[in-house]
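In: Structure, please.
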Amino acid sequence: MAITQVRRKCLAVLLFSLFGCIAYGQTPAANQISNQIAKSDLPSANSTGDSDRPQLAQRYPRYRINRSDVLNLSFPLSPEFNQTVTVQPDGYITLQGAGSICILGMTVPETGEAIKKAYAKVLHNPIIDVDLKDFQKAYFIVTGQVTKPGQYDLRYDLTASEAIAVAGGFLPTAKTQVYLYHRSVDGWVQARELKLKDFLHGKHIQEDVQIHPGDMIFVPEKTITKIRKYIPYGVGVSSSPLSY
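Out: Now for the predicted structure:
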């Protein structure tokens, strides 16, 4: 916000000077000022927004190889090397005639380049097609005060409220103020509080965010429910009949 205000003030001064030069016929000075505006080192109004805006690779990340994934390797020019490999628990795969390489955490294109490099000692300019035959399916987890907590396949786009509905919905003991945990590519876990009570009452629609593969939703228990466990049933209850 401060950068935008400074930029506006500087541009206003430059434009004021420019119009003054034009009014008095000082064309060279006007051209000089216009060139200063064009070459200004001032940060653009969108510079901050662009830095905060997620890049394409971050918004749509490629799948990364996991343990027990199965890959089909095809060699169009050398079919005798066609093979199916399984990622071992240590992240390595064993290649026919080319030893073992670690591909854990790589994308499919990166895996293809690593395999080509391994076969460069055996084949001249190898052409290799890599296809995922079996891989870890996208999933999400819902835990806490829901009817059916557990892990579910993420087959299509879901929001937090829809994911809770898939898990059977809220229990009577559940709070509608839930927590969404998202693990990023670099290993950090981001936690976000979602006030779904407002969403369920038609307010703050933005609270019902879309979930991503590997996300976990935790539905906490109401405070009154926690306290009730330690309060005797007879406390605060009158045994005498009510009089009207």
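In: For the protein, just list every one of the strands.
Out: 70-74, 83-86, 92-95, 99-102, 129-134, 139-144, 150-153, 177-183, 189-195, 216-219 (DSSP state E).
In: Including distance to residue 167 and mean neighbour count, could those go into CSV?
Out: To be clear about C-beta, it is placed using only N, CA and C from the backbone, and glycine gets the same treatment. Rendered in CSV, the data for the strands of the chain read as follows (distance: least, Cβ to Cβ, whole Å; neighbours: other Cβ atoms under 10 Å):
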stretch, distance to residue 167, mean neighbour count
strand 70-74, 29, 17
strand 83-86, 32, 15
strand 92-95, 36, 17
strand 99-102, 36, 14
strand 129-134, 26, 13
strand 139-144, 4, 19
strand 150-153, 7, 13
strand 177-183, 11, 17
strand 189-195, 15, 13
strand 216-219, 8, 20
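In: Adding mean pLDDT, write those strands out as CSV.
Out: Shown next, in CSV, are the strands of the chain (pLDDT from 0 to 100):
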stretch, mean pLDDT
strand 70-74, 97
strand 83-86, 97
strand 92-95, 96
strand 99-102, 95
strand 129-134, 94
strand 139-144, 94
strand 150-153, 94
strand 177-183, 90
strand 189-195, 88
strand 216-219, 95
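In: May I have the distance across stretch 167-183, first residue to last?
Out: In stretch 167-183, first residue to last residue: 21 Å (Cα to Cα, to the nearest Å).
In: Next: stretch 145-153.
Out: Start-to-end span of stretch 145-153 (Cα to Cα) is 20 Å.
In: quick one: contacts of stretch 129-143?
Out: 63, 65-66, 68-76, 84, 108, 111-112, 115, 149-155, 158, 163-164, 166-167, 211, 213-219 (Cβ atoms under 8 Å, 6 or more residues apart in numbering).
In: hang on, the earlier thing: adding distance to residue 203, write the strands of the chain out as a markdown table.
Out: Putting those into a markdown table (distance: least, Cβ to Cβ, whole Å) gives the following:
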| stretch | distance to residue 203 |
| --- | --- |
| strand 70-74 | 47 |
| strand 83-86 | 50 |
| strand 92-95 | 51 |
| strand 99-102 | 50 |
| strand 129-134 | 43 |
| strand 139-144 | 23 |
| strand 150-153 | 27 |
| strand 177-183 | 14 |
| strand 189-195 | 9 |
| strand 216-219 | 20 |
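In: mind checking which of the ones you listed is nearest residue 204?
Out: Evaluated over the strands of the chain, closeness to residue 204 peaks at strand 189-195, with 6.7 Å, by Cβ to Cβ.
In: Tell me the neighbouring strands of the closest one, and mark each as parallel or antiparallel.
Out: strand 177-183 (antiparallel) (DSSP bridges).
In: Looking at the strands of the chain, which is nearest to residue 119?
Out: Nearest of these to residue 119, taken as Cβ to Cβ: strand 92-95 at 7.2 Å.
In: And the closest one, what does it pack against?
Out: strand 83-86, strand 99-102, helix 108-119 (3 or more Cβ pairs under 8 Å, 6 or more residues apart in numbering; DSSP states H and E).
In: Save these as TSV, and put in distance to residue 137 too.
Out: Formatted as TSV, those follow (distance: least, Cβ to Cβ, whole Å):
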stretch	distance to residue 137
strand 83-86	16
strand 99-102	23
helix 108-119	16
